[in-house]
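# Quick one, fold the following:
(one chain, ligands or ions: 1)
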Amino acid sequence: MLENPLRSSAKISSTSAAGTRRPDSPLVKPQQASLSFAQRKALQLRPSDGVLVEGSDVTRSIDRPLPGDVIGRRKSQLHPDVIRKKSAYFESEFAGPNRGDDPARTRILNEAMVTAELKTNVIINDEFAFITDLACHLSNRYQRPISSIIVTIQHGVCMLFGSTFEPAYTLSILALPSLLQPATNRRNAILTQRHLYETLGVAPTRGFVRFEAIPEENIAMGGKTLAAEIEGLSRDNADRKAGVFRKPSKSGRGIMKSVKSLSSFKSHSVIDLSENVPTPPPSNSGETTRIATIPEVPPTPPDDERTSQMVEQKSRNAAPRRKSLRFALFGNKLSPDK
Ligand SMILES: O=C(O)c1cc2cc(O)c(O)cc2[nH]1
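Numbering: from 1, shown residues only. Now for the predicted structure:
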């Protein structure tokens, strides 16, 4: 059986733990592949003819300064097309819609969920380590707190990928459109597939990534779409600027409540929530649950007996490293007994 190499080796050699070969670096020309590093370096140091890019060569002229070199002039050496692409990237990264002058709206957008759904035929031994590593990677890539990341993983699934059953995966990343701009996707495709190569041992060529932009009106939490939440905030903001005092709505979701409700979503970690909400019985348990009318009050907490059963079950399922990783992730938000 294939195993997750996460904990077995610090560095992956040319043949990964999943049995797939690492593709040769595209930056090494075939005739140079057998040369030593010093020999390749010497070849590159030949006097240049000053042409930046010639033919199909992917290496640049040595005449061109390295990034960070102090060269005393500001004019870019890049082709106008490259400059355009670069500025489009930085625009989408740093000047996106999430930098408005409405702090509440900005915060909501900056904390909007990024969801990743991974399916793989590889069997992952340490699911908890793997899932937390991926969540951290995504939190970093999409510049949002770990509490704004959802990761679901299905591993050991039956997967036919490009006519073979060799190790492979599909990954869907769902987020607001502003987070999934073409240049951002290009970069995140490389970095995330590299991350999965390092943690899952599957070569990027055996991974399929789908970036799915989901507009604000198609995402909901707490029974309210993000679009509605933002609309409410904008209205309240406009009212406030105009000095209008609006009575809190019947549903009790005025501006303060809205912001509070979001922060309580985010500040309650998944762990906090899961500890208060009973897990429904599995669908094949034989029990049938009648779906009643949605109660106006929160459901009654489980009785003591059920609570203790749940706690027991949870501790049986817990991965051995769970506690330390939870602390690493959530720090002092957790009480020491959790
Ligand atoms: O996608 C999110 O992160 C998201 C959706 C949503 C909806 C809502 O009514 C909120 O108060 C917050 C929120 N976040």
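# Does residue 131 belong to a helix, a strand or coil?
Going by DSSP: H, G, I helix; E, B strand; the rest coil, the secondary structure assigned to residue 131 is helix.
# ok, it to residue 107 distance?
26 Å (C-beta to C-beta, to the nearest Å). In short, each C-beta sits where N, CA and C put it, glycine included.
# who's more crowded, the two?
When residue 131 and residue 107 are compared on other C-beta atoms under 10 Å, the one with more neighbours turns out to be residue 131, at 19 against 16.
# Residue numbers of this protein in contact with the ligand?
112, 113, 219, 220, 221, 222, 224, 225, 226, 229, 261, 262 (C-beta under 6 Å from any ligand atom).
# rerun that using 5 Å as the cut-off
Within reach of the ligand by C-beta under 5 Å from any ligand atom, the chain has these residues: 112, 113, 219, 221, 224, 226, 229, 262.
# Using a markdown table, lay out those residues together with neighbour count, pLDDT and secondary structure.
As requested, the residues of the chain next to the ligand are exported to a markdown table (neighbours: other C-beta atoms under 10 Å; pLDDT from 0 to 100; DSSP: H, G, I helix; E, B strand; the rest coil):
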| residue | neighbour count | pLDDT | secondary structure |
| --- | --- | --- | --- |
| 112 | 23 | 97 | coil |
| 113 | 19 | 98 | coil |
| 219 | 18 | 97 | coil |
| 221 | 14 | 96 | strand |
| 224 | 15 | 96 | strand |
| 226 | 21 | 96 | helix |
| 229 | 24 | 93 | helix |
| 262 | 20 | 39 | helix |
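# need the helix or strand of the chain with the lowest average pLDDT.
Ranking every helix and strand in the chain by mean pLDDT, DSSP states H and E puts helix 270-276 at the bottom, with a mean of 34.
# What's the separation between the spatially closest residue to residue 207 that is not a sequence neighbour and the ligand?
The shortest distance from residue 207 to any residue other than its chain neighbours is 4.9 Å, reached at residue 169 (C-beta to C-beta, 6 or more residues apart in numbering). When C-beta to the nearest ligand atom, to the nearest Å is the yardstick, residue 169 and the ligand sit 24 Å from each other.
# Go through the chain and flag its longest helix.
Of all the segments assigned as helix in the chain under DSSP state H, the longest by residue count is helix 182-200.
# Show me which residues of that one are buried.
Neighbour counts using 16 or more other C-beta atoms under 10 Å place 183-185, 188-189, 192-193, 195-200 of helix 182-200 among the buried residues.
# Same check on stretch 144-164?
Buried-residue list, stretch 144-164, by 16+ other C-beta under 10 Å: 144, 147, 148, 149, 151, 153, 155, 159, 161.
# Can you pull the phi/psi pair for the first one?
Main-chain dihedrals, residue 144, degrees, to the nearest 10: phi -140, psi 160.
# Is residue 156 in a helix, a strand, or coil?
Taking three-state DSSP as the rule, one finds residue 156 in the coil state.
# ok, the residue nearest to it when sequence neighbours are not counted - how many residues close by?
By the measure of C-beta to C-beta, 6+ apart, the closest residue to residue 156 outside its immediate chain neighbours is residue 123, 4.4 Å from it. The criterion is other C-beta under 10 Å. On that basis, residue 123 has 15 neighbouring residues.
# Any idea what the closest residue to the ligand within the stretch 201-338 of the chain is bridged to?
The stretch 201-338 of the chain approaches the ligand most closely through residue 224 (3.3 Å), counting by C-beta to the nearest ligand atom. Taking DSSP bridges as the rule, residue 224 bridges to residue 221.
# So it versus residue 181, what's the distance?
Separation of residue 224 from residue 181 (C-beta to C-beta) stands at 26 Å.
# Then residue 194?
Note on residue 194: its distance to residue 181, by C-beta to C-beta, is 20 Å.
# can you check residue 205 too?
From residue 205 over to residue 181 the distance is 24 Å, taken as C-beta to C-beta.
# Compare these two and say which is more crowded by neighbours.
residue 181 (18 against 14).
# what's the spacing between that one and the ligand?
Residue 181 sits at a distance of 18 Å from the ligand (criterion: C-beta to the nearest ligand atom).
# Residue 139 now?
Spatial separation of residue 139 from the ligand under the definition C-beta to the nearest ligand atom is 13 Å.
# Verify the contact between that residue and residue 133 for me.
No: shown here, residue 139 and residue 133 do not form a contact pair, counting by C-beta atoms under 8 Å, at 10.7 Å.
# now the strands for the stretch 101-250 of the chain?
Read by DSSP state E, counting those that start in this stretch, the stretch 101-250 of the chain holds these strands, from start to end of the chain: 114-120, 149-154, 169-175, 207-213, 220-221, 224-225.
# Make TSV out of those and add distance to residue 237.
Putting the strands of the stretch 101-250 of the chain into TSV (distance: least, C-beta to C-beta, whole Å) gives the following:
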stretch	distance to residue 237
strand 114-120	25
strand 149-154	28
strand 169-175	24
strand 207-213	25
strand 220-221	20
strand 224-225	17
